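> 3D model of this:
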Amino acid sequence: MQIQKSFKGHSPYGKLYLVATPIGNLEDMTFRAIQTLKEVDWIAAEDTRNTGLLLKHFDISTKQISFHEHNAKEKIPDLIGLLKQGQNIAQVSDAGLPSISDPGHDLVKAAIEEDIAVVTVPGPSAGISALIASGLAPQPHIFYGFLPRKSGQQKQFFESKKIILRPRFSMNLHIVWLIP
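This next block holds a predicted model:
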């Protein structure tokens, strides 16, 4: 595992910012997230139309680059190239934290491999928000991501987790599943 050095020393490279966006209510956007989106050179957006509405609402004019699961393999080298030129990039998803169910994880890994700083700008989290509002005991809990779309794959997913959860986590365990 490579150690991330986001805030140590000076680097000629730009920074990759992972910026959380609101989950439905634009007023949940943080001041720091707005400022970051205004100051970076580029915004790598999961859906430029959705992000465009957010940017318009907060009067942000930063240019967007489309970055989603269907173009990630071709875009990651381009984004890394921009970062190595000293440009700063904010990655956003349609709602919540990037890298949960989008190709941001691969971009983060590529940035770390190139000694490019990765900085999170936290904000809304649907999973944690749902958990704390549910009345269920929040600890322990496990988040596996989003369920597969097809029922056969969902069944296989649940079967594979049954093996992992026995008997180690048989105590007061609650799992929150988010379905897109």
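> can you give me the helices for the chain?
Per DSSP state H, the chain carries helices over the ranges 31-39, 48-57, 72-84, 104-113, 126-134, 151-165.
> same for the fourth one, what does it pack against?
Judged by 3 or more Cβ pairs under 8 Å, 6 or more residues apart in numbering; DSSP states H and E, helix 104-113 is in contact with strand 16-19, helix 72-84, strand 118-121. Every residue, glycine included, has its C-beta placed from N, CA and C.
> in the sheet, which strands lie alongside the first one, parallel or antiparallel?
According to DSSP bridges, strand 16-19 forms sheet pairs with strand 89-92 (parallel), strand 118-121 (parallel).
> residues near Lys56, how many?
10 (other Cβ atoms under 10 Å).
> just the strands paired with strand 16-19: most buried one?
Highest mean neighbour count among these (mean count of other Cβ atoms under 10 Å): strand 89-92, with a mean of 27.
> shaky segments in the protein?
Counting by pLDDT under 70, the chain has low-confidence residues at 1-9, 126, 162-180.
> one more time with 50, if that's ok
Filtered on pLDDT under 50, the chain yields the residue ranges 169-174, 176, 178-180.
> what residues are up against the residue nearest the centre of the chain?
In the chain, the residue lying closest to the centroid (Cα atoms, centre = their mean) is Pro98, at 1.5 Å. Pro98 makes contact with Leu18, Val19, Ala20, Glu46, Gln91, Val92, Gly104, according to Cβ atoms under 8 Å, 6 or more residues apart in numbering.
> burial count for the nearest residue to the third one once chain neighbours are set aside?
So the one you mean is Ala20. Nearest-residue entry for Ala20: Gly123, 2.8 Å, with adjacent residues in sequence omitted and distances by Cβ to Cβ, 6 or more residues apart in numbering. Under the neighbour criterion other Cβ under 10 Å, Gly123 is assigned a count of 17.
> now do Glu69
11.
> OK, contacts around it?
For Glu69, the contact set (Cβ under 8 Å, 6+ apart) comprises Asp102, Pro103.
> roughly how far apart are it and Met29?
Counting by Cβ to Cβ, to the nearest Å, the gap from Glu69 to Met29 is 24 Å.
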